[in-house]
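**Student:** what's the 3D shape of this:
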Amino acid sequence: MSEGRNSSEITGISQLGSKQTKYDFNYDPSLLECFDNKNPEHPQWVTFVCTEFTSLCPITAQPDYAKIFINYIANKKMVESKSLKLYLYSFRNHGDFHEDCIQKICNDLKKLMDPRYLEVVGEFTPRGGIAIFPFASTHNLEPEYKTLYATRLANYAPGKYSMELGRPY
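**Tutor:** Numbering: from 1, shown residues only. Now for the predicted structure:
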């Protein structure tokens, strides 16, 4: 059984445990924090589901709502969940198209952690009768993750995540 974390292993984690949580509703990737993966030799698939993502349409400034799915296979770093929550909240007043928001999240997490594999899927609430489900993904150069990337991209099906939860679109 692995040992718990010691204080030197959690330096740089400032959001978690803070009694003064500040919610910034302006896009801010500096809110993201990470910690060392204690088991980088074992592939670890991590999934986050943000059920209350909000951003703004860059043209109309109307709010857009989405469920965001973040899946990654950790490498040496892992994202700290509270900082991820605050980061995702920071899109609240950010005006960007759905596809751009999802790609931005993917790029920021890639820069933060450099995971073996990463995908971000947005399940945006329909506006004007159209739902948009953008998918962004990246991987490192290890052959098995290049194959995973190609397979996931080839098999991506809009609404797949909702159907798995019993809510087909």
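**Student:** only C-alpha atoms for contact and neighbour calcs from this point on.
**Tutor:** Will do.
**Student:** If you drop the residues flanking it in sequence, what lies closest to the residue sitting nearest the centre point of the chain?
**Tutor:** For the chain, the residue nearest the mean C-alpha position is residue 70 (3.9 Å; C-alpha atoms, centre = their mean). Distance criterion C-alpha to C-alpha, 6 or more residues apart in numbering; nearest residue to residue 70, sequence neighbours excluded, is residue 120 at 4.6 Å.
**Student:** pretty sure that neighbour is touching residue 106, no?
**Tutor:** Yes. Counting by C-alpha atoms under 8 Å, residue 120 touches residue 106, with 5.9 Å between them.
**Student:** More neighbours: which of those two?
**Tutor:** Neighbours per residue, other C-alpha atoms under 10 Å: of residue 120 and residue 106, the larger number sits with residue 120, 25 against 21.
**Student:** so what strands line up beside the helix or strand where the more buried one lies?
**Tutor:** Secondary structure assignment for residue 120, by DSSP states H and E: strand 117-124. Take DSSP bridges as the rule and strand 117-124 pairs in its sheet with strand 63-73 (antiparallel), strand 135-139 (antiparallel).
**Student:** Quick check: mean pLDDT of it?
**Tutor:** Rounded to a whole number, the mean pLDDT of strand 117-124 is 94.
**Student:** Tell me the bridge partners for the residue lying closest to residue 45 once chain neighbours are set aside.
**Tutor:** Spatially, and ignoring its direct neighbours in sequence, residue 45 is nearest to residue 73 (4.5 Å; C-alpha to C-alpha, 6+ apart). Here residue 73 sits in beta bridges with residue 45, residue 117, going by DSSP bridges.
**Student:** If I look at residue 73, what pLDDT would I see?
**Tutor:** 93.
**Student:** Tell me how many other residues crowd it.
**Tutor:** 20.
**Student:** need the helices for the chain, in chain order.
**Tutor:** 81-89, 98-113, 143-155, 160-164 (DSSP state H).
**Student:** which one of these is the most hemmed in?
**Tutor:** helix 81-89 (a mean of 21; mean count of other C-alpha atoms under 10 Å).
**Student:** where in the chain is pLDDT low?
**Tutor:** 1-19, 21, 158-169 (pLDDT under 70).
**Student:** so what sits against both of residue 120 and residue 106?
**Tutor:** Common contacts of residue 120 and residue 106 (C-alpha atoms under 8 Å, 6 or more residues apart in numbering): 136-137.
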